[in-house]
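> Generate a structure from the sequence data that follows.
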Amino acid sequence: MKTIDSILVRYGEIGIKSDRVRSRYEHTLVNNIEKALDFCEIPHDAVVRDFGRIFVHTQHAAAAPAVARVFGVVSVSPVQTSIATLDAMKDAALRIISPLLTGEKSFGIRPRRTGTHDYTSKDIGVTVGRAIEKATGAPVRLTKPDVPLFIEVRAERAYIYTEVIRGVGGLPLGTQGKVVALISGGIDSPVAAWLMMKRGCTIVPLFFDCEPYTSDAGRERALGVVKALAVWAGRPLDLAIVQHGGSLGQFRKLAPRATCILCKRMMYRIAASIAKATRAHGIVTGESIGQVASQTTQNLLAIDQASDAPVYRPLIGLDKTESIKLARRIGTYPLSTAGHPAVCGAAHRHPTTNADLAELKALETQLPLRELTAAASKSLTWQRIFPEKSFRWVLCPERKA
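Numbers count the residues shown, from 1 in each chain. The predicted structure follows:
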């Protein structure tokens, strides 16, 4: 539609929460929508709640895709508002749909009501449909029309629109606590972090710098994907950076085939300590069963024992193709694959795939774990990553009839 006065915003599972929780989630969603609009520099008068809906008062159609990318939003529609009388709806509908019915395009009315009125939803469809048919000569097609016209009546107002833009869904960011997200700069870890954000969790991104066993490419990629995640969050993210190369060298020297397992156990210990310090509720990783040698079920079991914080793995059942597809949709894939591959030079050619926890603990008694942990904690630095307006949104909203 060329002229709109509002964006109608729909949410999903928020609506099945208790009244108290629902009110809190709606309030958070409204705040997040306002932040998204401010970030995109889209003028708007207000973002207000109605029962089961949120309305953004703006005449800028660009607000629709911006709001659709806010976690918790199921779909949006740019709308024109009229009073909820049959004559007013008929007049508004004609103004909206007439320019769209070029050639021999068909149309169909999709009415719905909330509240008490002296007419039914069927009355809306019949009255408005006949008026459009008479004024334009366009044929009516109830199944898959070329131009669907939606009329949603809520109390004393009617909202008229021609498109529904699918949103990202999930829960409003900030409603489900905080987690530490291990970010490697590869494809999977930012996808895992994004999925936790979609479920309402704020993230504390954590990057382990394994220099001299990795190049600067890994660090640059990590910074790039965190910037992208900050755009999705609509706020700056504080990135924790830990120097891990010294520990990695010790693991490689002691047990070459178990290097990756010992490395990850140390990472989990440090991540758990950061989670405790930041009052986070767990650790998030991009691991998927069997994807690489360290991610067999036996190795994952051995790695998990090193952390006293819960470990969440949103990608655990996905294959690489599925992870790549999602990375492309959220815009992190080109950032994770830029430049040369960030290969870890400490990895053994034939790493163990069935680590024994007792053997690992015996190996760790030969390591100065306390000193290594202290050195890692001392090396910890924080870098505030701001969202960049140049980030190219890739999650293209889907439009449906």
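
> Please count neighbours and contacts with C-alpha atoms only from this point.
Will do.

> domains for this structure, by residue range?
Following automatic domain parsing, one gets these domains for the chain: 6-166, 178-385.

> and the longest one, what's its mean pLDDT?
What domain 178-385 shows for mean pLDDT is 90.

> And the nearest residue to G186 once chain neighbours are set aside, how far from G218?
Among residues not flanking G186 along the chain, S336 sits closest, at 5.0 Å (CA to CA, 6 or more residues apart in numbering). For S336, the distance to G218 equals 9 Å [CA to CA, to the nearest Å].

> what sits in contact with each of these two?
Common contacts of S336 and G218 (CA atoms under 8 Å, 6 or more residues apart in numbering): G185, G186.

> burial measure for G103, as a count.
By the measure other CA atoms under 10 Å, the count of residues near G103 is 7.

> nope, I330 is what I meant
Neighbour count of I330, defined by other CA under 10 Å: 21.

> And it, how far from R265?
I330 is 29 Å from R265, by CA to CA.

> Kindly report the same for A62.
To R265, A62 is 46 Å away according to CA to CA.

> So R235 versus G169, what's the distance?
Separation of R235 from G169 (CA to CA): 19 Å.

> can you pull the contacts of G286?
Contact analysis of G286 by CA under 8 Å, 6+ apart lists L182, D188, S189, P190, V191, A192, A193, R313, P314, L315, I316.

> Where does Q383 sit: helix, strand or coil?
At Q383 the chain is in strand, as set by DSSP: H, G, I helix; E, B strand; the rest coil.

> tell me the mean pLDDT over the longest strand along the chain?
The longest strand of the chain (DSSP state E) is strand 73-83. Across strand 73-83, the average pLDDT comes to 96.

> Can you pull the phi/psi pair for E152?
Phi and psi for E152, reported as degrees, to the nearest 10, are phi -110, psi 110.

> And A62 and R265? Which one has more around it.
Neighbours were counted for A62 and for R265 using other CA under 10 Å; R265 has more, 20 against 15.

> Could you report the neighbour count for the residue nearest to G186?
Here the count is done by other CA under 10 Å, and S336 has 26 residues near it.

> who's in contact with it?
Neighbouring residues of S336 by CA under 8 Å, 6+ apart: G185, G186, I187, R221, A222, G224, V225.

> ok, now with 10 Å
Shown in contact with S336 (CA atoms under 10 Å, 6 or more residues apart in numbering): 184-190, 217-218, 220-225, 327, 342.

> cool, S247 as well?
S247 makes contacts with 210, 262-263, 266-267, 367-369, 371-373, 375-376, as judged by CA under 10 Å, 6+ apart.

> May I see the domains of the chain arranged in JSON lines, with distance to F391 as well?
Shown next, in JSON lines, are these (distance: least, CA to CA, whole Å):
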{"stretch": "domain 6-166", "distance to F391": "11"}
{"stretch": "domain 178-385", "distance to F391": "7"}
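
> before we move on, back to that, next, find the distance separating the residue nearest to G186 from G224.
Noted for S336: a distance of 8 Å to G224, by CA to CA.

> where do the contact lists of the two overlap?
Counting by CA under 10 Å, 6+ apart, the residues touching both S336 and G224 are G185, G218.

> Would you mind pulling up the elements that the helix ranked longest in the chain packs against?
Counting by DSSP state H, the longest helix found in the chain is helix 19-39. If contacts are counted by 3 or more CA pairs under 10 Å, 6 or more residues apart in numbering; DSSP states H and E, helix 19-39 sits against strand 6-11, strand 46-50, strand 53-57, helix 63-68, helix 216-233.

> Paired strands for whichever helix or strand comes after the last one, with orientation please.
What that stands for is helix 216-233. Using DSSP states H and E, the next helix or strand after helix 216-233 towards the C-terminus is strand 237-243. Strand 237-243 pairs in its sheet with strand 202-209 (parallel), strand 381-385 (antiparallel), by DSSP bridges.

> Please compute how far the longest one lies from its chain's middle.
With CA atoms, centre = their mean, to the nearest Å as the basis, the distance from the averaged C-alpha position of strand 202-209 to the chain average is 16 Å.

> what angle sits between that strand and helix 216-233?
170 degrees (axes from the mean of the first three to the mean of the last three CA atoms, to 10 degrees).

> Helices of the stretch 251-400 of the chain, start to end?
In the stretch 251-400 of the chain, the segments counted as helices under DSSP state H, counting those that start in this stretch are 259-277, 297-304, 320-330, 333-336, 357-364, 369-379.

> Just the pLDDT at the residue lying farthest from the centre of the chain, thanks.
Distance from the C-alpha centroid of the chain peaks at K134, with 45.4 Å (CA atoms, centre = their mean). At K134, the model reports a pLDDT of 95.

> who's in contact with it?
V128.

> Buried residues, the strand or helix carrying it. List them.
Element membership for K134, per DSSP H and E: helix 121-136. Buried residues in helix 121-136, counted by 16 or more other CA atoms under 10 Å: S121, I124, G125, V128, G129, A131, I132, E133.

> follow-up on the earlier one: could I get the contacts of S247 as JSON lines with neighbour count?
As requested, those are arranged in JSON lines below (neighbours: other CA atoms under 10 Å):
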{"residue": "C210", "neighbour count": "22"}
{"residue": "L262", "neighbour count": "27"}
{"residue": "C263", "neighbour count": "21"}
{"residue": "M266", "neighbour count": "23"}
{"residue": "M267", "neighbour count": "24"}
{"residue": "L367", "neighbour count": "15"}
{"residue": "P368", "neighbour count": "11"}
{"residue": "L369", "neighbour count": "13"}
{"residue": "E371", "neighbour count": "11"}
{"residue": "L372", "neighbour count": "17"}
{"residue": "T373", "neighbour count": "18"}
{"residue": "A375", "neighbour count": "16"}
{"residue": "A376", "neighbour count": "21"}
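
> which of those residues lies closest to G108?
Using CA to CA, M267 comes nearest to G108 of those, at 57.8 Å.

> ok, for G200, nearest residue in space, not its chain neighbours?
According to CA to CA, 6+ apart, the nearest residue to G200 is L173 (4.0 Å).
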